[in-house]
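after the sequence you'll find the predicted model.
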Amino acid sequence: MKRILLGTALALFFVTPSLADWKPDGPIRLWIGYGAGGGTDVQGRTLAKEIEALRGWQVIPENKAGDDGTVMSAQLKDAAPDGQTLGFAITTTYDFAPMNSDNLSPEDFTYITTTAGSQMAVLARAESGWTSLEDLKAAAEGGEQIVWANWGTQVEAGAEIVARSLGINVNHLRTKGGRGALNALVSMDANVAWGGGVQKPLVEAGQLNILASAETGPVALAPEAPTLKDKGIDLTLGYQYIITAPAGLPDEIRDEIASVVKEILSDPNSETRQFIEKQYPPAPILTQGAELREQVLTGYMANEKMMKELQK
Amino acid sequence: MELLLQYVGYGMSSVFFTAEGSLWLMPLFMVVIGVVIGILIGAMPGMSGPFAMAIALPVLISIFGYTNEALFPVLGCLIGIMKGATVGGAVPAILFNTPGTPDAFLTTLDGYPMAQKGQGRKAIQTAHFASVMGDNFSDLVLFIAAPMIAVAVERVLGLPEKSALIILSLCFMAAVVGDAPIKGLLGGLLGMFVSLIGSTMSGNGPRLTFGVPELGAGLPLTSAILGVLVLSEVLVAVEDMRNSRLKNAPPPQQPEMGPKLTWRERVTMMPGILRGACIGTAIGALPGIGTTTAATLSYDWAKRRSKTPEAFGKGTPDGVVATEASNSAVSGANLIPVMSLGIPGNFAAVFIILAVESIGDFAFGPQVFRFTPITEIPGFDTIMNRDLVMAFGLFTMMVMANFVNWTAGGMLMGLMGHLVRIPKDLMIPVILTVSLTAAYVQDGGYLGLLTACAFALIGYALRRLNISILPFVIGFLLAPTLEGLVRGAFTASGGDPYFLLKSPIALVMLAVSLFLLFRMVRQAREKGTLS
């Protein structure tokens, strides 16, 4: 009897694959929370290609755009937590957007890894002559109507917070994604806009000015521009690109996927890394596992507080 | 001027070279393939250019993917089909009195009698020459007009004016399309209503999804349009085939081809071609008015101005010239509102817009034609408006397609008479299989498939009720843009309830829309009392 038990135990020990060597059982679906051609999409697709090249796992990207990534996350929530359905969106999708939904909560997801961070800034057309928030304030006080282009509830609230801190009145214009906000600014439908990274070529061409950074530090394109915090406005709107899975994903699978992404993004020859260095400088941001979960949950609480204060 | 030439240069080279600078012939190859497919499809009775474009788009996307590099090969093929089909439609119209595409209908009036008189070759070559010349003319107008209109629009039109412009375009389209404007209007409104599903524009989550999270991103566009346009036609064709099975006529005999068209004859056609091309271009630039209207107007005009009006309808080349030059000129001009405003005016334009929206980050609209100074930062990057380079690349491919139409198109059309025509009962199952597969692959599995089937039923109902499908499709496509603009105009005005009525330009456009609506209702009433 003992021998049988021992034999079974030994057999189990050798037969059960150790989870550290987790391998997907078939293709992985990578659901991208934004439309084709945007920053999220390009990163998701090149990363999928590179994971396939590195590990031989088949990764199939699919766009599910809408509502700050929640169209995707609402479907991801109900998928099986087996590591074969992953979501690629931004932290806003999890630490802000669920506030608007009765069906979503930050607890519905497993947070695997971030890949890059935004370059969030306040933008104005160069021909308006505004180079700082003071110029914006002066123009508004001089009677000019300020229209601020944004792409979601969180950044619209951010614009309102900045306006209130400056003591001016702004009207808001919701556009389709960061690119839409830029187009609205350039085609003069708006005179201020948020930019998360896509503004790079227009700022470099001298068509747009960066008035302030909404990150914790200055943005790479305008190292001399102050942050909102420097100006006494308690607001950061920076976000990160993030890979998630449904809640309940075993830690081993989470860590395995995170380590693959880390391996790729640490390689200077990686196409994804090169894209990130160019569009979201200076380098990839790799917050993973428990630390990342902590960051999202804290962010959610901070955002809740921000919205409550705004509604006062 | 120098900057313009620089951008034209970049645009042209972007079609032939990759970003890394190596030679890339794929777009050229796809243009050639597109034109050949277009001519063949155009020559098949019952098939049309938009039909082929609807099926080709998902197939092309599954081959080339969604990245920016996919844009040129996919658009090249679509443009080729669009242009090839306008040329190819004339062949069966002339030889067998059955137009290949609806636009070639009027070509039968004089082309078929010519073929009966033993001048088939001459008639086909006349159609080819007039068609390609007309097309080239309207492309030239497009290249000049689109950037100018776009720049003017960006300067003059704000959010309320742009909203009013779309309302006006939709009313105009409903008023001119088909023979019952009220039906067109209802079709357009139905299209707009269906597109409300899944929009997240309110910022409070997706609406009207019936709890299906997959609908959160809205109905899948390509499947919806495949269903309403292609699958509904298949349903109608199957029904018609069942009803007319007994009346199957033997295939018509090909008549004697006769002599070639001389260069002297070509030169004498030029004034007629120019007249037809001008009419076609003017009509094409307005949304919703089809090639048939352009061809009819041009034919009537040519007949009235002719010294021998009695020859029309009995086989005069002037008649073929008038219809072919004008119906081909419509296709280029149709892209003027698309490229400068993002408003499609016919089905071909719808597919060009769909392709652009699905692939890469390029989008049509006034922001495309911004002449950003080109500056090069050594070892880093060149700064320019890449959208503008894309636009000039697109123009380059149109010129290439015209060239292929000139050369290979002429040869193909000569051969077409010998081709055995594929019977409809073989064609329809093939179209059905390809369309359903395309819907499944392109738009997320069963969601795409079910959408395509649901829209097939809508399309079938619309066709059987004699409601034109074009306003439905355009309403469906433009409603989200309109909603975005109206919402934007409202919030940007600071919540002013009269935001649409504050600008004189918007007021004029809305007044014209109202007038059109009023006229539609009155016409419908008059018709009602007459019958």
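Thanks, I have it.

and the residue nearest to B:Pro50 when sequence neighbours are not counted, what does it touch?
With CB to CB, 6 or more residues apart in numbering or on different chains as the criterion, B:Pro50 has its nearest non-adjacent residue at 3.5 Å, and that residue is B:Phe347. Where C-beta positions appear, they are placed from N, C-alpha and C, glycine not excepted. Contacts for B:Phe347 (CB atoms under 8 Å, 6 or more residues apart in numbering or on different chains) come out as B:Gly49, B:Pro50, B:Met53, B:Leu229, B:Leu470, B:Val473.

ok, then the element right after the strand or helix carrying the third one?
By that I understand B:Met53. Assigned by DSSP states H and E, B:Met53 belongs to helix B:49-64. Next helix or strand after helix B:49-64 toward the C-terminus (DSSP H and E): helix B:71-88.

contacting residues around B:Leu501?
Per CB under 8 Å, 6+ apart, neighbours of B:Leu501: B:Leu507, B:Leu510.

give me the pLDDT for it.
In this model, B:Leu501 is scored at 92, pLDDT.

what ranges do the strands span in chain A?
A:28-32, A:59-63, A:85-90, A:109-117, A:121-125, A:146-150, A:170-174, A:192-195, A:208-213, A:240-246 (DSSP state E).

how about the residue nearest to B:Pro50, phi and psi?
phi -60, psi -40 (degrees, to the nearest 10).

how much space between the residue nearest to B:Leu229 when sequence neighbours are not counted and chain A?
Take B:Leu229 and drop its neighbours on the chain: the residue closest to it by CB to CB, 6+ apart is B:Ala54, 5.4 Å away. Distance of B:Ala54 to chain A, given as CB to the nearest CB, to the nearest Å: 19 Å.

from the contact counts, what lies against the helix holding B:Met53?
helix B:26-43, helix B:71-88, helix B:221-225, helix B:347-358, helix B:424-442 (3 or more CB pairs under 8 Å, 6 or more residues apart in numbering or on different chains; DSSP states H and E).

tell me how far it is from the chain's mean position?
14 Å (CA atoms, centre = their mean, to the nearest Å).

and for it, what's in contact with it?
Applying CB under 8 Å, 6+ apart, the set of residues contacting helix B:49-64 from outside is B:34, B:37-38, B:41-42, B:70, B:73-74, B:77-78, B:81-82, B:84-86, B:101, B:222, B:225-226, B:229-230, B:233, B:346-348, B:350-351, B:354-355, B:358-359, B:431, B:434-435, B:438-439, B:441-443.

same thing but at 6 Å, please
B:38, B:41, B:70, B:73-74, B:77-78, B:81-82, B:85, B:222, B:226, B:229-230, B:347-348, B:351, B:355, B:434-435, B:438, B:441-442 (CB atoms under 6 Å, 6 or more residues apart in numbering or on different chains).

buried sites along that helix?
B:49-61, B:64 (16 or more other CB atoms under 10 Å in any protein chain shown).

with respect to B:Ile383, which of the strands of chain A lies nearest?
Judged by CB to CB, the one of the strands of chain A that comes nearest to B:Ile383 is strand A:208-213, at 11.9 Å.

now the closest one, how far from the centre of its chain.
Using CA atoms, centre = their mean, the offset of strand A:208-213 from its chain centre is 20 Å.

list the helices and strands it packs on?
If you count contacts as 3 or more CB pairs under 6 Å, 6 or more residues apart in numbering or on different chains; DSSP states H and E, strand A:208-213 packs onto strand A:121-125.

centre of the chain versus the strand it packs on, how much separation?
For strand A:121-125, the distance to the chain centre is 20 Å (CA atoms, centre = their mean).

show me what contacts B:Pro504?
Neighbours of B:Pro504 in contact, by CB under 6 Å, 6+ apart: none.

what pLDDT is listed against it?
pLDDT, B:Pro504: 94.

how far away is it from chain A?
18 Å.

burial of B:Met413, as a residue count?
24 (other CB atoms under 10 Å in any protein chain shown).

how many residues are close by B:Phe382?
No, residue B:382 isn't Phe; it's Thr. 12.

run through the bridge partners of it.
On DSSP bridges, the residues paired with B:Thr382 through beta bridges are B:Glu376.

doesn't B:Thr372 make contact with it?
No: using CB atoms under 6 Å, B:Thr382 is not in contact with B:Thr372, being 10.9 Å away.

residues in contact with the residue nearest in space to the middle of chain A?
Closest residue to the average C-alpha location of chain A: A:Ile90 at 2.3 Å, with CA atoms, centre = their mean. By CB under 6 Å, 6+ apart, the residues touching A:Ile90 are A:Tyr239, A:Tyr241.
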